[in-house]
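Colleague: return atomic coordinates for the entry below.
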Amino acid sequence: MTQLTDSQSLTDDELLLYARQVLLDGWDIDAQLRLKYSRVVMIGAGGLGCPASETLVRAGVGQVHLIDDDVIEASNLQRQTLFLPEDIGQPKATTAAAMLGKINPLIKAKGSVARLDENNAYELLAMESGKPNLLLDCTDNFATRDMINRISVRYQIPLLSASAIAMEGQLALFEPQLNTGCYHCVFGETRVDEAADARTCANSGVLASTTAIMGSLQANAALQYLGLTKNPLTGKLLLWDGSRMQQRLMGYRQDKDCIVCASR
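Modeller: Next up is the predicted model:
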């Protein structure tokens, strides 16, 4: 969590921009300051990464780093809200970061055109400058999510994992430093040849509202965690069903035999 000091403050421009947020019951200047001095890393700048990062930037999260090695295609424009037709062919990460900087010039947005893996994680996450306050998994397949989870556990960085496919979504906020369970505890082993892992937006389809809703829910959880030091999903997996307009929570516990987090 971000630790505040007496020298940290909001500028007049920040007070004006975030005025409606600071007026919220349970939200105060300290909460806004925690956002200002937070650093988040988002893996994926697509259907989830676009709405989630935009909300975080508008709310005042001070540093947002997007990591994605993909380029913008025409089919992305249906749901990836930071991109315009003239952006087709450009890298998603740097294009999204540039747009976020225009949306809120008071924050710092950075894009890295790269594919995160366990070998380059230390460098890409800029660990030499200190751990990010939160990782946001905005990717679209089990194998990548499992790899990001391993990085989260290895470096003890909280992980907010979201998924969106068709008209369904899932969301969980794992805190490896508390030994309360990880992504692997919930979903177990995954293999790239499994049919379930092959389901992506590209081959299964996704309604534009699904990514918008799940990205917003992901941002909502991130803001509470960063600003209020509160995990609204402790021990819970949120399941959203857009076709039925239903949402439910499923409990989970750490798997004491988990090969990723139980041995630490």
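Colleague: and L33, that's in a helix?
Modeller: Yes. Counting by DSSP: H, G, I helix; E, B strand; the rest coil, L33 is part of a helix.
Colleague: thought it was touching Q8?
Modeller: Yes. The criterion here is C-beta atoms under 8 Å, and L33 meets it with Q8 at 5.5 Å. For glycine as for every other residue, the C-beta is placed from the backbone atoms N, C-alpha and C.
Colleague: strands along the protein, start to end?
Modeller: For the chain, applying DSSP state E gives strands covering 39-43, 63-67, 108-112, 134-137, 159-165, 168-174, 236-241, 246-251.
Colleague: buried residues in the longest helix seen in the chain?
Modeller: When every helix of the chain is counted residue by residue (DSSP state H), the longest turns out to be helix 208-228. For helix 208-228, burial by neighbour count (16 or more other C-beta atoms under 10 Å) applies to 210-215, 217-219, 221-228.
Colleague: repeat for stretch 100-108
Modeller: Neighbour counts over stretch 100-108 (16+ other C-beta under 10 Å) mark 100-101, 104, 107-108 as buried.
Colleague: centroid-nearest residue for this structure?
Modeller: L136 (2.3 Å; C-alpha atoms, centre = their mean).
Colleague: redo the strands of the chain as CSV? Include mean pLDDT and distance to I88.
Modeller: CSV is the format used below for these (pLDDT from 0 to 100; distance: least, C-beta to C-beta, whole Å):
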stretch, mean pLDDT, distance to I88
strand 39-43, 98, 21
strand 63-67, 98, 18
strand 108-112, 98, 17
strand 134-137, 98, 25
strand 159-165, 97, 22
strand 168-174, 98, 26
strand 236-241, 98, 30
strand 246-251, 97, 34
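Colleague: using a markdown table, please lay out the ones you listed together with distance to D257.
Modeller: A markdown table is the format used below for the strands of the chain (distance: least, C-beta to C-beta, whole Å):
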| stretch | distance to D257 |
| --- | --- |
| strand 39-43 | 27 |
| strand 63-67 | 31 |
| strand 108-112 | 35 |
| strand 134-137 | 23 |
| strand 159-165 | 20 |
| strand 168-174 | 17 |
| strand 236-241 | 19 |
| strand 246-251 | 18 |
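Colleague: OK, contacts around N76?
Modeller: 46-47, 83, 92 (C-beta atoms under 8 Å, 6 or more residues apart in numbering).
Colleague: now L77
Modeller: Each residue near L77 by C-beta under 8 Å, 6+ apart is listed here: 83-85, 88.
Colleague: cool, and N220?
Modeller: N220 sits in contact with 55, 232, where contact means C-beta under 8 Å, 6+ apart.
Colleague: correct me, but R115 touches D69?
Modeller: Yes. R115 lies in contact with D69 (C-beta under 8 Å); the separation is 4.3 Å.
Colleague: any stretches of the protein with poor pLDDT?
Modeller: 1, 190-203, 264 (pLDDT under 70).
Colleague: where exactly do the helices run in it?
Modeller: Counting by DSSP H, the chain has helices at residues 12-17, 19-22, 29-36, 49-59, 92-103, 121-124, 142-155, 183-187, 201-204, 208-228.
Colleague: for the ones you listed, which one ends up most surrounded?
Modeller: helix 49-59 (a mean of 24; mean count of other C-beta atoms under 10 Å).
Colleague: which residues touch it?
Modeller: With contact meaning C-beta under 8 Å, 6+ apart, helix 49-59 is reached by 18, 21, 35, 40, 42-43, 45, 64, 66, 68, 79-83, 92, 96, 100, 103-104, 107, 109, 136, 138, 162, 211-212, 215-216, 218-220, 222-223.
Colleague: contacting residues around W240?
Modeller: Contacts of W240 by C-beta under 8 Å, 6+ apart are 168-171, 213-214, 217, 246-247.
Colleague: which of those residues sits closest to L233?
Modeller: L171 (6.8 Å; C-beta to C-beta).
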